[in-house]
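> Please find the sequence and the predicted model below.
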Amino acid sequence: MKRFVGMVLAMVLLLTAACAWAEAADPVQGASGSWAQINQSMARPENWQRYVENSLFTLGAGVPMEGYPEYTVLDWGTYPSIDGSTVCVPLGMELARQHLDIAEEDLQGFVPFSTTHNAYLRLIGQQPNPTVSIASRNAVLDPEKPVNLFLGTEPSDEELQIAADAGVELVKVPFCYDAFVFLVNGANPVENLTVEQIQKIYTGSLIRWDQVGGAKGELIRAYQRPANSGSQTAMENLVMKGVALSGAEPAYITDGMSELIAAVGDYVNGPQSLGYSYLYYVEGMYKSGEIKVLAVDGIAPTEDNLRSGAYPFTTCYYAVYRKGDTDAEAFTAWLTGEIGQKCVRQAGYIPVMDVE
C-alpha cells in the first residue's frame, strides 16, 4: 500500500496537478475540489507584506520517497494539516506564504481544499489529505497525517451529528466576518428584498418577480445548494431559522457555488434567477456574466454593517478543530491574535479584530 501511495504521489509531482488523479487516489476529495470553483487570480497583492517572522509553525524534516529517491516526503512538523471551504482557499494560501514561504507557483498544490462537507468528514474522521504537494521542491507532505484544522463555514446539523456519533467534540472559533448575500442578474430591476420576502420565496408562497417590484409575469427561479454545503447550511440556519425550504427542482440545485453564479449571470435565463452565496466569493473568487448583490431590509453588506451586525445575514468563518488537539488550538490562538488577524486582513477578509 505504501509503495502504491508513493507511486501516486510521484505522479502528482510529475504532473503538478493533484486534482487530475484525486478521485482515484482520494475518494473524499473527488475530482472537483475547491479549485474547480475558482476562476479569478489568487496571486498575492502587489503591496503584500510579511507579518510573520520566526514562525512557531513550520514543516518538519523530509525523507526520500520509497522507490522514488529523487522525491521527498515532508513531515508536517508543527504546521497543521488544514482543509476547508472553498471560500477560505485564499486564506490557506496566505498562511502558507507567511509561515512557510511557499512559492506562488506551489500554492495550489499546497492548498487543495476539498470543499466544506468533505473537509468536515476528514476532520471528524481524522482522515488525511494525501494530495498536498510542493512541486518545485519535488516534495509531498506526509499523506498519512490526519487533517486537524478546518477553515471555513460553520458545521451543519448533520455534520455535528456525525461528530457526536463519532465521539468527537468540535471547537469552532470565529476569525473573520462575511456577508451571506442574495444575487440577481444585472438586468433585474430589483435592488432589495426583505427577510420576509426571501423566506416566502424559498417556502414557495411568493413566486413572481412583480410581487417584489420586478418584471411583470416573470416567475422567480430560486436556486439552492445541496445539503451540507456551506452556503446551504447558512441558508437554513441564518436565513430560514427553522422554516423549512420548499423542495427545489433538480435543475435549480447547483453542485457548486460557481454553477449557481453562472446560472444567475446567464444572459437568457438569468433575469428570472435568484441565488445566494458569500460576498467574499462573489467579489473576488468567481466571475460569470453580470450579477448584482441585493440589499436586505434596505441594508447593504458593507464592512461597517457587518461589524455592527446591522446587515441581517452577517456571518463568520471559523477555525474548527477536535477538542483536545493542542497543536490546532495553538494555531487558532495565533490566527485570532493581532498578527494572525493582520494576515486575515491582507488575504481580503474582514477580521474579527480591528487591525490595519
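Yep, that arrived. This structure is a prediction, so every number in the text was calculated from the model and none was measured.
> going forward, measure contacts between C-alpha atoms and count neighbours the same way
Fine.
> low-confidence ranges in the stretch 251-356 of the chain?
Counting by pLDDT under 70, the stretch 251-356 of the chain contains no low-confidence residues.
> remind me, longest strand of the protein?
Among the segments of the chain that qualify as a strand by DSSP state E, the longest is strand 170-185.
> Against which helices or strands is the host helix or strand of residue 276 packed?
For residue 276, the enclosing helix or strand under DSSP states H and E is strand 273-278. Secondary structure elements in contact with strand 273-278, counted by 3 or more Cα pairs under 8 Å, 6 or more residues apart in numbering; DSSP states H and E, are strand 170-185, strand 221-222, helix 230-234, helix 257-265.
> got CSV for these, with mean neighbour count too?
Shown next, in CSV, are the helices and strands packed on strand 273-278 (neighbours: other Cα atoms under 10 Å):
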stretch, mean neighbour count
strand 170-185, 21
strand 221-222, 22
helix 230-234, 22
helix 257-265, 24
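> secondary structure class for residue 201?
Using DSSP: H, G, I helix; E, B strand; the rest coil as the criterion, the local structure at residue 201 reads helix.
> now do the one 5 residues further on
Secondary structure for residue 206, judged by three-state DSSP, is coil.
> nearest spatial neighbour of it, skipping sequence neighbours?
By the measure of Cα to Cα, 6 or more residues apart in numbering, the closest residue to residue 206 outside its immediate chain neighbours is residue 200, 5.3 Å from it.
> Strands of the stretch 251-356 of the chain, start to end?
Ranges of strands within the stretch 251-356 of the chain are 273-278, 291-293, 295-296, 314-322, 350-351, based on DSSP state E, counting those that start in this stretch.
> Only alpha carbons, please: show the first one as PDB.
In this case it means strand 273-278. Output in PDB follows, covering the C-alpha atoms of strand 273-278 (Å, rounded to 0.1, in the frame of the first residue of the first chain):
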ATOM      1  CA  SER A 273     -33.000  33.900 -11.300                       C
ATOM      2  CA  LEU A 274     -32.300  34.300  -7.600                       C
ATOM      3  CA  GLY A 275     -29.400  32.700  -5.700                       C
ATOM      4  CA  TYR A 276     -27.200  33.100  -2.700                       C
ATOM      5  CA  SER A 277     -23.500  32.900  -1.800                       C
ATOM      6  CA  TYR A 278     -20.900  34.700   0.300                       C
END
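> what lines up beside that strand in the sheet?
Using DSSP bridges, the strands paired with strand 273-278 are strand 170-185 (antiparallel), strand 221-222 (parallel).
> Understood, closing this out.
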